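Asker: Sequence first, predicted model second:
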Amino acid sequence: MLWNLTGGPNGGVHATDVTNASRTMLMNLETLDWDDELLGIFGVPRAMLPTIHASSDPEAYGTARTSRPLSAAVPITGVLGDQHAATVGQVCFSPGEAKNTYGTGNFLVLNTGTELVRSEHGLLTTVAYQFAGSPAVYALEGSIAVTGAAVQWLRDQLKIIGSAPDSEQLARQVEDNGGMFFVPAFSGLFAPYWRSDARGAMVGLARYNTGAHIARATLEAICYQSRDVVEAMEQDSGVHLDVLKVDGGVTANDLCMQIQADVLGVPVSRPVVAETTALGAAYAAGLATGFWRDTDELRSHWQESKRWSPEWSEEKRQAGYTDWKRAVERTLDWVKVT
């Protein structure tokens, strides 16, 4: 995109930022440069790769030369990967601050500061962002394969709801999951398990369970999977979350967000601006040009739309999570992996 915006074969800029480069498995997280050993393993010539710059840089990325849809030459000063931009958009600038993006899957990112934390509990160590003239800020990330996609499954395959928002109305017909748990491991389990042999399962079913219980268990599955990642992050970093910032389509489901607060035992906060990825890229660009002075000013612009506080007792929270872990165990070793 950057190459084409800046002219492509006619003088285009061949560059990227540290967050996108970190996604290739070819960048050294410590040097923030392409790693010769990895390039050799994968057989990628260094000459074909773009130059790596900070995520927010007033000079690195050139000027957009297209006349449409832009009416004038516009400098490009902010470049970030998707979840990294959302982290900036959620102003997670201090170590221990975390955001969770709820889409078809979930992506939870925890700021670990300038310290590079090597995960020992199934998470990805990555660069969160880097602003020009400052050291890189690192993060731990946990990716969950199926969250919002499980609600789509209720709609498209089971056909017990007509639209995704109907899942909340249906789930509200019951006070709890009726003793059943749904683990949507349709294509295996991602972080922190990384088990490709797992497959989806509904366990604890009784004769009285209804579609409402299934809907409730689906929303709980989103939240329990997020707790799995939070638990791994706390073990890796030693940091206990004070609040979880959330964004993405599923956050429109008030019941799901309340369950998330209950399952985690910490408040859940949704911002006024839901498109945090686009906002984060804009923040990075504005910092580079001086439109915003610093991250403190960005914090002052961030506003909370709604907050959910935990309502479950600690006993109920732990009992539910224990049963969830038992349900996960039932999904393992289903597919023979060669």
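Answerer: Looks like it arrived, so ask away.

Asker: quick one: what helix or strand has the residue lying closest to residue 124 once chain neighbours are set aside in it?
Answerer: With CB to CB, 6 or more residues apart in numbering as the criterion, residue 124 has its nearest non-adjacent residue at 4.5 Å, and that residue is residue 141. C-beta here means a position set from N, CA and C on the backbone, and glycine is covered the same way. For residue 141, the element it lies in under DSSP states H and E is strand 137-144.

Asker: Give the buried residues for the helix or strand that that strand is followed by.
Answerer: Next helix or strand after strand 137-144 toward the C-terminus (DSSP H and E): helix 148-153. Of all the residues in helix 148-153, those buried under the rule 16 or more other CB atoms under 10 Å are 148, 149, 150, 151, 153.

Asker: what's the average pLDDT for helix 148-153?
Answerer: Average pLDDT, helix 148-153: 97.

Asker: Tell me, how many residues neighbour the residue nearest to residue 124?
Answerer: 21 (other CB atoms under 10 Å).

Asker: Please report how far it lies from residue 233.
Answerer: Residue 141 sits 9 Å away from residue 233, going by CB to CB, to the nearest Å.

Asker: Likewise for residue 207?
Answerer: 39 Å.

Asker: more crowded one of those two?
Answerer: residue 233 (29 against 4).

Asker: hang on, residue 164 packs against residue 152?
Answerer: Yes - contact criterion CB atoms under 8 Å: residue 164 and residue 152 qualify, at 6.7 Å.

Asker: May I ask which helix or strand encompasses the residue nearest to the spatial centre of the chain?
Answerer: In the chain, the C-alpha nearest the mean C-alpha coordinate belongs to residue 107, at 2.0 Å (CA atoms, centre = their mean). Taking DSSP H and E as the criterion, residue 107 maps to strand 106-113.

Asker: what does residue 85 give?
Answerer: Using DSSP H and E, residue 85 maps to helix 82-89.

Asker: who touches stretch 302-310?
Answerer: 90-91, 254, 257-258, 260-262, 264-273, 317 (CB atoms under 8 Å, 6 or more residues apart in numbering).

Asker: Quick check on those residues: which are buried?
Answerer: 90-91, 257-258, 260-262, 264-271, 317.

Asker: of all the residues you listed, which two lie farthest apart?
Answerer: Farthest pair in the buried ones among the contacts of stretch 302-310 (CB to CB) is 91 and 317. Separation: 27.9 Å.

Asker: The longest helix along the chain: which residues count as buried?
Answerer: Ranked by number of residues, the top helix in the chain under DSSP state H is helix 211-237. For helix 211-237, a neighbour-count test (16+ other CB under 10 Å) marks 211-234, 236-237 as buried.

Asker: mind listing what the nearest residue to residue 185 once chain neighbours are set aside touches?
Answerer: In space, and not counting its chain neighbours, residue 185 is closest to residue 198: 4.1 Å by CB to CB, 6+ apart. Neighbouring residues of residue 198 by CB under 8 Å, 6+ apart: 183, 185, 188, 189, 328, 331, 332, 333, 334, 335.

Asker: do residue 106 as well
Answerer: Contacts of residue 106 (CB under 8 Å, 6+ apart): 100, 142, 143, 144, 147, 222, 225, 226, 229, 248.

Asker: Apart from its neighbours in sequence, what residue is nearest residue 75?
Answerer: Residue 75's closest residue in space is residue 63 (CB to CB, 6+ apart), at 5.2 Å.

Asker: quick one: that neighbour and residue 76, what's the gap?
Answerer: From residue 63 to residue 76 the distance is 7 Å (CB to CB).

Asker: Okay, strands next: where are they in the stretch 1-150 of the chain?
Answerer: 15-17, 27-28, 33-34, 51-53, 63-64, 74-75, 98-102, 106-113, 124-129, 137-144 (DSSP state E, counting those that start in this stretch).

Asker: Report the mean per-residue pLDDT for the third one.
Answerer: Same thing as strand 33-34. On average, strand 33-34 scores 98.

Asker: Next: the fourth one.
Answerer: Confidence over strand 51-53 (mean pLDDT, whole number) is 97.
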